[in-house]
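Engineer: sharing a sequence plus its predicted fold:
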Amino acid sequence: MIRAKIDEKLERRFRELAMKRFGYGKGALTKAVEDAILKWISTIGEETVSFEGDPIKILDGILSGIDVDAVSLQHKIMALWLSKVSTNVSD
């Protein structure tokens with residue numbers, strides 16, 4: 001079972017489209033979610049990330065030039081992620 005909290009506008013739009021496509025009966029949302037997940041997996045699932053060596057050393061090297069504390073870094077990453085996600089979501 002997957003539980004997720006998503007934006008209200010996105011949820012409302014998803015529900016509307018799910019019911020238009022799969023009907024207004026029981027199971028329409030389940031079918032729509034499964035369909036969406038399968039499509040996402042088919043586009044993202046083949047991507048692989050590989051590297052050699054100690055992952056901690058690699059991250060340490062990547063982050064060595066950053067002069068911010070962990071909390072500030074988390075906030076910056078969240079802002080960057082939200083800016084990318086919000087441009088790929090339709091109203």
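Structural biologist: Good, I have the coordinates.
Engineer: how many residues are close by Arg15?
Structural biologist: 13 (other Cβ atoms under 10 Å). To be clear about C-beta, it is placed using only N, CA and C from the backbone, and glycine gets the same treatment.
Engineer: for it, which three-state class applies?
Structural biologist: helix (DSSP: H, G, I helix; E, B strand; the rest coil).
Engineer: point me to the helix or strand that includes the residue nearest to it when sequence neighbours are not counted.
Structural biologist: Leaving aside its chain neighbours, Arg15 sits nearest to Leu29 (6.7 Å; criterion: Cβ to Cβ, 6 or more residues apart in numbering). Using DSSP states H and E, Leu29 maps to helix 28-44.
Engineer: just the CA trace of that helix, in PDB.
Structural biologist: The C-alpha coordinates for helix 28-44 follow below in PDB (Å, rounded to 0.1, in the frame of the first residue of the first chain):
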ATOM      1  CA  ALA A  28     -11.200   4.200 -10.800                       C
ATOM      2  CA  LEU A  29      -8.500   5.900  -8.700                       C
ATOM      3  CA  THR A  30      -6.600   2.700  -8.100                       C
ATOM      4  CA  LYS A  31      -6.500   2.000 -11.900                       C
ATOM      5  CA  ALA A  32      -5.300   5.500 -12.600                       C
ATOM      6  CA  VAL A  33      -2.600   5.400  -9.900                       C
ATOM      7  CA  GLU A  34      -1.400   2.000 -11.200                       C
ATOM      8  CA  ASP A  35      -1.400   3.300 -14.800                       C
ATOM      9  CA  ALA A  36       0.600   6.400 -13.700                       C
ATOM     10  CA  ILE A  37       3.100   4.400 -11.800                       C
ATOM     11  CA  LEU A  38       3.600   1.900 -14.700                       C
ATOM     12  CA  LYS A  39       4.200   4.800 -17.100                       C
ATOM     13  CA  TRP A  40       6.600   6.500 -14.700                       C
ATOM     14  CA  ILE A  41       8.500   3.200 -14.200                       C
ATOM     15  CA  SER A  42       8.700   2.700 -17.900                       C
ATOM     16  CA  THR A  43      10.400   6.100 -18.400                       C
ATOM     17  CA  ILE A  44      12.500   6.200 -15.300                       C
END
